[in-house]
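Colleague: generate a structure from the sequence data that follows.
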Amino acid sequence: MKRSQDYVRRLGTLLRKIRAAHPADSYEVADPIGQLIYGFLHWNAPRRTADAAMAKIVGETVDHNDLRVSHTHEIVALLGDRYPAAHERATRLRETLHEVFKREHILSLDKMLEKTKRDIRLYLEDLPGIAPFVAAHVSLVVFAGHAVPVDDRLAKLLRSEEVVNPDFTLPQITGFLERNIRAATTSETHASLMAWVDAGADRVTLARVKKKKSTRASTPSSATKIIGKKRTSEKHK
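Modeller: This next block holds a predicted model:
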């Protein structure tokens, strides 16, 4: 229990720092399907990358249904080969859009407005192909549910900051955050966390490079070790 409270305190401290250092605009409330598509684009990808991809999709498709009936390789072409996990992302997105159409007989989530926030979340999480991050993102941004979207990038940074149990799975991290972040602040917190992740990914990479250089500089090579031993033995002669 004490260890658990340590994580709660650390999380609170980290969130205060993140909100101050990475204030970010909340996500625009688009139509539910549009936000579903955007959630897929933003999952394990920077916000600016998702924004650019969404703009391209809107510009090159007739409507959301046009995207649904597109082949996987056509969606990949829209995203670009360098888009993170482009093929998996396109496959999952297409599968989810088809399932919504199959259930609703139309590509729309408007009927969700009649459901409770809990039922909306369960419905979204049950869609084939969807990632938990996407379900939480749509639940939060469109339906104002109490959700904290967590993808692999965010989970990795939270573990590195030691604010969550290192053995926690992604769903467990999500649950921990949702229990300890007030519902009234989740929208603002989500935007700031994603801004922190986008900035932190570059910072972590640079830190690792510096660490490697430092390690190489401080660790004597085999040749240096041999020379050192030779000089020491010569002094004792």
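Colleague: what stretches of the chain score poorly on pLDDT?
Modeller: Residue ranges of the chain with pLDDT under 70: 1-2, 201-237.
Colleague: end-to-end on stretch 80-89?
Modeller: 12 Å (Cα to Cα, to the nearest Å).
Colleague: in it, what's buried?
Modeller: For stretch 80-89, a neighbour-count test (16 or more other Cβ atoms under 10 Å) marks 83, 86, 89 as buried. (Each C-beta comes from the backbone N, C-alpha and C, glycine too.)
Colleague: any idea how far that stretch is from the chain center?
Modeller: Centroid separation for stretch 80-89 versus its chain: 15 Å, with Cα atoms, centre = their mean, to the nearest Å.
Colleague: which one of the buried residues of stretch 80-89 is nearest L193?
Modeller: R89 (20.5 Å; Cβ to Cβ).
Colleague: which residues touch the closest one?
Modeller: Residues in contact with R89 (Cβ atoms under 8 Å, 6 or more residues apart in numbering) are 40-41, 43, 79, 83.
Colleague: farthest-apart pair in the residues you listed, please.
Modeller: Largest separation among the contacts of R89 by Cβ to Cβ: W43 and L79, giving 12.3 Å.
Colleague: so which of the buried residues of stretch 80-89 sit within helices?
Modeller: Residues of the buried residues of stretch 80-89 located in helices (DSSP state H): 86, 89.
Colleague: can you put the buried residues of stretch 80-89 in TSV and add distance to M54?
Modeller: Converted to TSV, these look like this (distance: Cβ to Cβ, whole Å):
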residue	distance to M54
Y83	12
A86	14
R89	13
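Colleague: closest to L67 among the buried residues of stretch 80-89?
Modeller: Nearest to L67 among the buried residues of stretch 80-89: R89, at 12.5 Å, using Cβ to Cβ.
Colleague: burial count for the closest residue to G200 other than its chain neighbours?
Modeller: In this structure, G200 finds its nearest non-sequential neighbour in L157, 5.1 Å apart by Cβ to Cβ, 6 or more residues apart in numbering. Neighbours of L157 under the rule other Cβ atoms under 10 Å: 20.
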